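J.: Give me coordinates for this.
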Amino acid sequence: MSEKNFSDRVKLKRAYESPVADDGTRVLIDRLWPRGVKKTEAAIDYWMKELAPSTELRKWFGHDPARWEEFRRRYAAEIREHRDELDRLRDLNRAGPVTLVYSAHDEAHNDAVVLREILLRHR
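T.: A predicted model of the protein is given here:
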């Protein structure tokens, strides 16, 4: 499979966006359930809390773009501590498209962006 086709199989979507058929397997990767989102409407197939940033890291980052590079480094280190869950996510992705669902407002600076990079880099 080409790099382009593989990268198309790992999508990112805010929890507040409606699910669509081509989302594939929808995986919530936040530690907390998104405010105001009903579980029945979210169409989440898996909730992988273990792959979310720790509470301490999430609070430290505070979605401050000035802390983005350090957040990426620290979060990648945390993910390495959860190999089993990361392998499970990789298995889901091998089986078909996966959409990483997150609740952050900033679409460029959030844990889903980092997790997607890791999935694509280590496929």
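J.: ok, then the element right after the helix or strand bottoming out on mean pLDDT in the chain?
T.: In the chain, no helix or strand scores lower on mean pLDDT, DSSP states H and E than helix 3-8, which sits at a mean of 56. Beyond helix 3-8 on the C-terminal side, the first helix or strand identified by DSSP states H and E is strand 10-14.
J.: Could you pull up the mean pLDDT of the very next helix or strand once past that next one?
T.: For strand 10-14, the succeeding helix or strand toward the C-terminus, using DSSP H and E, is strand 25-28. Mean pLDDT, strand 25-28: 98.
J.: quick one: strands adjacent to strand 25-28?
T.: Paired with strand 25-28 in the same sheet, following DSSP bridges, are strand 46-47 (parallel), strand 98-102 (parallel).
J.: for the ones you listed, which one sits closest to Ala108?
T.: Comparing these against Ala108 with CB to CB, the closest turns out to be strand 98-102 (11.8 Å). Glycine gets a C-beta too; all of them are placed from N, C-alpha and C.
J.: Run through the neighbouring helices and strands of the very next helix or strand once past that closest one.
T.: Moving toward the C-terminus from strand 98-102, the next helix or strand (DSSP H and E) is helix 111-121. Applying 3 or more CB pairs under 8 Å, 6 or more residues apart in numbering; DSSP states H and E, we find helix 111-121 packed against strand 10-14, helix 68-80, helix 83-95, strand 98-102.
J.: Can you tell me which of the strands paired with strand 25-28 is most buried?
T.: strand 98-102 (a mean of 25; mean count of other CB atoms under 10 Å).
J.: For this structure, give me the ranges with low pLDDT.
T.: Scanning the chain for pLDDT under 70 picks out 1-7, 122-123.
J.: 80 instead?
T.: 1-8, 122-123 (pLDDT under 80).
J.: follow-up on the earlier one: so can I have TSV of the strands paired with strand 25-28 showing distance to Ile118?
T.: Formatted as TSV, the strands paired with strand 25-28 follow (distance: least, CB to CB, whole Å):
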stretch	distance to Ile118
strand 46-47	17
strand 98-102	11
